[in-house]
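Undergrad: just need the structure, nothing else, for what follows:
(one chain, ligands or ions: 2)
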Amino acid sequence: MIKLTDVEKVYRTSTIETMALSKVNIVINKGEFVSIMGPSGCGKSTLLNIMGLLDEPSSGKIEIDNTLISGYADKRLAHMRNQKLGFIFQSYHLINDLSVVDNVEIPLLYRKGVSGSERRKKALEALEKVGLNSRTKHYPNQLSGGQRQRVAIARAIVGNPEIILADEPTGNLDSVMGEEIMNIMLQLNKTEGTTIVMVTHDENMANKTERVIRFFDGRQVN
Ligand code: ADP
Ligand code: ADP
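TA: Numbers count the residues shown, from 1 in each chain. Ligands and ions are numbered 1, 2, ... in the order given. Below you'll find the predicted structure:
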């Protein structure tokens, strides 16, 4: 589903050169739930941004669904992101002056041929999957952190992505809410077969996934 071959990422400024990732080789299979762990600064976000086609590697190959992505123009990348990928962030990234259901509809605005009523229907279905059907007209600042993250998950799944990339999705939540979010992701993985890659600092969360990939200083260590 996701294949990285000899991926490297170097950040260059006029004075400093940082090797954020060196020769990373990873294969993530369809339907896997994988976590990525490692100390701060080891390259986890860089890796997730590259897998999510948000950032380009300095060298190496990325394949998604057996399609070589390297060299894609921005427009094709954006299309690929919108069709195949869903994103979840530590700090939710909801739009505060849109209601819950309007936030969830956002990814569908970029899809051709989806009518307003169809968007609404799919958004309400996604909210039902995360157990938030009683909060559809609320605004993000009227919700708890765990509820906000559930809205963000609904937004990530509304377009039926094959892959979900989650950057510390439970990082801002207490352990009870963190468990709740983790259970929703486990359920999604099991019932819909969605491939999930999750960056986390939390060993307990990582242990619930099928495989842990560990990084240190830009290199994979297991
Ligand atoms: P993690 O997510 O594991 O904390 P990151 O992927 O954010 O690590 O960063 C990996 C390394 O790359 C760090 O040393 C960081 O300082 C560096 N880095 C990240 N983004 C940039 C950037 N935009 N410019 C320069 N260096 C960066
Ligand atoms: P934080 O640790 O500050 O909460 P997030 O988990 O929110 O960070 O974001 C993780 C990474 O994703 C960051 O590198 C950020 O720049 C990037 N990012 C966040 N929101 C978006 C977005 N809507 N589109 C593209 N990239 C984003």
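
Undergrad: for the spatially most central residue of the chain, name its beta-bridge partners.
TA: Taking C-alpha atoms, centre = their mean as the criterion, residue 165 is the residue nearest the geometric centre of the chain, at 2.0 Å. Partner residues in beta bridges with residue 165, using DSSP bridges, are residue 87, residue 197.

Undergrad: so what's it up against?
TA: 48, 51-52, 85-88, 196-198 (C-beta atoms under 8 Å, 6 or more residues apart in numbering). The way it works is simple: take the backbone N, C-alpha and C, and place the C-beta from them, glycine included.

Undergrad: give me the buried entries from those residues.
TA: Applying a neighbour-count criterion of 16 or more other C-beta atoms under 10 Å, the buried members of these are 48, 51-52, 85-88, 196-198.

Undergrad: now those residues in CSV, with distance to residue 13?
TA: CSV is the format used below for those (distance: C-beta to C-beta, whole Å):
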residue, distance to residue 13
48, 22
51, 24
52, 23
85, 29
86, 32
87, 27
88, 30
196, 34
197, 29
198, 30
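
Undergrad: which of those lies closest to ligand 1?
TA: For ligand 1, the nearest member of the buried ones among the contacts of residue 165 is residue 48. The distance, counting by C-beta to the nearest ligand atom, is 7.7 Å.

Undergrad: hmm, the helix or strand that contains that closest one in reach of ligand 2?
TA: If you go by DSSP states H and E, residue 48 is part of helix 44-51. Yes - Helix 44-51 lies in contact with ligand 2 when judged by C-beta under 6 Å from any ligand atom; the contacting residues are 45, 49.
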